[in-house]
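J.: Below are the sequence and a predicted model for it; my questions follow.
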Amino acid sequence: MNKLSLRQYEVRNHLRSIFLLAGMVVLLSLIGWLLAGVSGMVGSLLVGIFVFISAPRFTSQLILRLIRAEFIRPEDAPRLYEVISMLSERAEIKKIPILYYVPSSVINAFTTMLNENAVIVLSDGMLRQLNIREVTGVLAHEISHISSNDLFVMLVADIMSRLTSVMSFTGYVLILIYIPQFIFMDIRVPWMLLIVLIMAPTFSLLMQLALSRVHEFNADIEAVKLTGDPLGLVSALEKIEYYQGAGWVERVFIPYRRMREPILFRSHPLIVERVKRLKELASQVQLTEYNGRLLLKK
């Protein structure tokens, strides 16, 4: 971050989010206009609004059923609920998110549903491999997604990306129609329209993934503000990187050398990059002393 303050870094992230989301809106509107003029633009927006209203709850409930997530009762995990209650209070969230459990050895946690219905899903691997300080950092990250309305933003981005793909399918149909006419008849082909329709899904997806990465970085920053302990989240991320998708032979002989897909096609930033930024933060913010038990004194 090169000595940028927390506030400057947050502003930069917000500006990136606005720019990427605006780019997706412009791209979707452009396709609607190319296909049917102003009515096409309005129609695409109306369809997007309808999908947005109907999709969130159905999608989230479906996800929980598909992964066979189980509700964690407060009496079964009092320390976890003490942590989540503390973090929710600091983040000024009115309703404490419900915790769910999935029997997966992968170290993972994610948030689904919106606003007051938000739930946080924790894997068995995370609860077994991470200590309470590290779990606190991960939960703070997820709470930050909720308090910053990241789920809402990413849902809008996902809907726009899907609509762009559906509408762009028209491009392939038009190719089938125009190419024979171009070959055998003296008909002008709208090449610009075809190129935009074909390339739009890729550009929209890349912007969606970039938006997701920005929000992941921002959630890390917000988590630090909630806990005052960037090194706790660093420790959690380093454990996730160490155990994620690697067998014992790879961990022993080639740790941290796994082949990764290009950053443009990732929904999350590289963990090593997140760790680097958090360590820079640790040198800039006043650390809160971890009391060795459960909570981080603010």
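T.: Okay, I see it. Numbers count the residues shown, from 1 in each chain.

J.: Check which helices and strands the strand or helix carrying Val135 is in contact with.
T.: Element membership for Val135 (DSSP states H and E) is helix 132-147. Counting contacts by 3 or more Cβ pairs under 8 Å, 6 or more residues apart in numbering; DSSP states H and E, helix 132-147 packs against helix 78-90, strand 109-112, strand 119-123, helix 124-129, helix 191-227, helix 230-243. (C-beta placed from N, C-alpha, C; glycine too.)

J.: Now do the contacts for the nearest residue to Lys279 once chain neighbours are set aside.
T.: Closest residue to Lys279 apart from its sequence neighbours, by Cβ to Cβ, 6 or more residues apart in numbering: Val234 at 6.1 Å. Taking Cβ atoms under 8 Å, 6 or more residues apart in numbering, we find Val234 in contact with Gly137, Val275, Leu278, Lys279, Ala282.

J.: For the last one, which non-adjacent residue is spatially closest?
T.: What it means is Ala282. Closest to Ala282 by Cβ to Cβ, 6+ apart is Pro230, at 4.4 Å.

J.: okay, now that neighbour: neighbour count?
T.: 26 (other Cβ atoms under 10 Å).

J.: Surely it is in contact with Leu278?
T.: Yes: proximity of Pro230 to Leu278 meets the contact threshold set by Cβ atoms under 8 Å, at 4.6 Å.

J.: Give me the common contacts of those two.
T.: Val224.

J.: Report the inter-axis angle for the helix ranked longest in the chain versus strand 119-123.
T.: Longest helix in the chain, counting residues (DSSP state H): helix 6-66. If you take axes from the mean of the first three to the mean of the last three Cα atoms, to 10 degrees, helix 6-66 sits at 80 degrees to strand 119-123.

J.: C-terminal to helix 6-66, which secondary structure element comes first?
T.: Note on helix 6-66: by DSSP H and E, the next helix or strand toward the C-terminus is strand 70-71.

J.: what lines up beside that following strand in the sheet?
T.: If you go by DSSP bridges, strand 70-71 pairs up with strand 98-102 (antiparallel).

J.: Okay, angle between the partner strand and helix 132-147 too, please.
T.: Angle of strand 98-102 versus helix 132-147, following the same axes, to 10 degrees, is 120 degrees.

J.: tell me the angle strand 98-102 makes with helix 78-90.
T.: Our comparison of strand 98-102 with helix 78-90, counting by the same axes, to 10 degrees, yields an angle of 140 degrees.

J.: what about Lys180, distance to Leu174?
T.: No, residue 180 isn't Lys; it's Pro. Using Cβ to Cβ, to the nearest Å, Pro180 is found at 12 Å from Leu174.

J.: Ser283 now?
T.: Using Cβ to Cβ, we find Ser283 at a distance of 56 Å from Leu174.

J.: Next one: Asn2, what pLDDT does it get?
T.: For Asn2, the pLDDT comes out at 40.

J.: quick one, what contacts the most centrally placed residue in the chain?
T.: With distances taken as Cα atoms, centre = their mean, Ser212 lies nearest the centre of the chain, 4.2 Å away. Applying Cβ under 8 Å, 6+ apart to Ser212 gives the contacts Met154, Ala157, Ser267, His268.

J.: now the stretch 51-200 of the chain, which segments are flagged as low pLDDT?
T.: 51-61, 114-115, 171, 182-184, 186-187, 189-190 (pLDDT under 70).

J.: and Glu92, that one's in a strand?
T.: No: assigned with DSSP: H, G, I helix; E, B strand; the rest coil, Glu92 falls outside any strand and is coil.
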